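Colleague: Take a look and give me a structure for this.
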Amino acid sequence: MVRLHSLGYEMLIVSPDAVHFEAGKYHREKFPEIDLALRMAIIERTLLIRRLKRAGINVIDWQVDYSLDQVISRSVRKHSAGDRILQIAL
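Modeller: Below you'll find the predicted structure:
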C-alpha cells in the first residue's frame, strides 16, 4: 500500500474494526485471557493505522456500528472529484 501511494495513487483504506466486533462475542468472565488478547490486538491495529497515516495514506477507522455507506460517503466528500482513489479493505 505504501508503494502504491509512492507511485502517485491517492489511497483510501477502509479498515473495519473487527477487533471490537469479535470481542463482543465472548463472555469475558469465562475467558479472562480475552482481555489481554483484546488489548494486544487493539495496539497492533492502532499501530498499523498510525503507520499508514504517517506514510500519507488516508485511512478510515470504520467502527462497524455505522453502515459502510455512511462511513464512505463522509470520507469521499473530503476528496476532490479529480483524485484517483483506490479503496482497499483491510
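Colleague: tell me which element the residue most central in space within the chain falls in.
Modeller: A centroid search over the chain (CA atoms, centre = their mean) returns Ser15, at 2.3 Å, as the residue closest to the centre. Ser15 belongs to strand 10-16 when assigned by DSSP states H and E.
Colleague: again with Asp61
Modeller: Here Asp61 is covered by strand 58-62, with elements defined by DSSP H and E.
Colleague: Go through that strand and flag the buried ones.
Modeller: Asn58, Val59, Ile60, Trp62 (16 or more other CB atoms under 10 Å). For the C-beta atoms, the positions are set from N, CA and C on the backbone; glycine is no exception.
Colleague: Who does the strand holding Ser15 pair with, and is each partner parallel or antiparallel?
Modeller: On the basis of DSSP bridges, the sheet neighbours of strand 10-16 come out as strand 58-62 (parallel), strand 85-89 (parallel).
Colleague: Worst mean pLDDT among those strands?
Modeller: Lowest mean pLDDT of the strands paired with strand 10-16: strand 85-89, a mean of 45.
Colleague: if we can go back for a sec, and the buried residues of strand 58-62 as CSV, adding distance to Glu33?
Modeller: Below are those laid out as CSV (distance: CB to CB, whole Å):
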residue, distance to Glu33
Asn58, 35
Val59, 29
Ile60, 30
Trp62, 27
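Colleague: any weak-confidence spans in the chain?
Modeller: Judged against pLDDT under 70, the low-scoring parts of the chain cover residues 27-29, 76-90.
Colleague: In it, what residue spans correspond to helices?
Modeller: For the chain, the helices defined by DSSP state H cover 2-6, 18-23, 33-54, 68-76.
Colleague: residues contacting Asp61?
Modeller: Asp61 makes contact with Ser15, Asp17, Ile49, according to CB atoms under 8 Å, 6 or more residues apart in numbering.
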